[in-house]
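1. need coordinates for the following:
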Amino acid sequence: AVYIDALTKLNDLISADTNIDMSRILIDISNEPVEVPDDKVFTVQVDVMQALQAAGFNGKFLVSGNFWSGLHSWASSSWTSSDGKTYTNANLLTRDNFVAAGIDPDSIIINAHQYLDSDYSGTHSDCLTDLSTTGSTGFNLQSFVDYLEENQFKAMVTEFGAGSDQSTCES
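-> Okay, here's the model as predicted:
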């Protein structure tokens, strides 16, 4: 409730300023959620979006996924909720789920982060040399693109990095 109140007040201040073009405003709902239980990575963001829309916000929302919002793990990393359902970002943050929650899916931009080092953390000097890998430790670019196409979403990579090893990072 405090978070929603703060963002609603921010929206009020921004929208009251006639020098701000509200059509250019994006609100990042949650940065790098990690190990969020159950379906809360969806429901918490929806609660915020609903409150902002009720307050008159009609801009775009940057929506993050569980597991630091990693592009590489969007469809491959999963968690099990307390009621036994298994989720991935790809099967939870869907166009249909947003529509069912009363959110215009065209107001959503998927917020992805991606580092190109060997474990996607941004902490190693070496870089991946094959971005076509798939599976639990793969880069999984195509599965992310497939998810976007299936849901008719756009995405923005808001964090990106590579290592410093010239032999693996410059090509």
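
2. residues near Thr137, how many?
-> 13 (other CB atoms under 10 Å). Every residue, glycine included, has its C-beta placed from N, CA and C.

3. which pLDDT value goes with the residue positioned nearest the centre of the chain?
-> Residue closest to the average C-alpha location in the chain (CA atoms, centre = their mean): Ser64, at 2.2 Å. pLDDT recorded at Ser64 is 97.

4. ditto for the one 3 residues further on
-> In this prediction, Phe67 carries a pLDDT score of 92.

5. same question for Ser171.
-> 67.

6. how about Thr129?
-> 87.

7. quick check, it in contact with Thr168.
-> Yes. Between Thr129 and Thr168 there is a contact under CB atoms under 8 Å: 5.6 Å.

8. pLDDT below threshold where in this structure?
-> 171 (pLDDT under 70).

9. so where do the strands sit in it?
-> Along the chain, counting by DSSP state E, strands occupy 26-28, 60-64, 79-80, 86-87, 108-115, 154-161.

10. got the angle for the fifth one vs strand 60-64?
-> Right, strand 108-115. 40 degrees (axes from the mean of the first three to the mean of the last three CA atoms, to 10 degrees).

11. separation between Asp38 and Cys169?
-> 38 Å (CB to CB, to the nearest Å).

12. so for Thr129 and Thr168, which residue has more residues nearby?
-> A direct count of neighbours by other CB under 10 Å for Thr129 and Thr168 places Thr168 higher, at 18 against 12.

13. excluding chain neighbours, give the residue nearest to that one in space.
-> Spatially, and ignoring its direct neighbours in sequence, Thr168 is nearest to Cys127 (4.4 Å; CB to CB, 6 or more residues apart in numbering).

14. okay, now the one you found: neighbour count?
-> The local packing of Cys127 (other CB under 10 Å) involves 21 other residues.

15. first to last residue in stretch 99-112, what's the distance?
-> Distance between the two ends of stretch 99-112: 21 Å, counting by CA to CA, to the nearest Å.

16. check which residues of it are buried.
-> 103, 107-112 (16 or more other CB atoms under 10 Å).

17. good, we can wrap up now.
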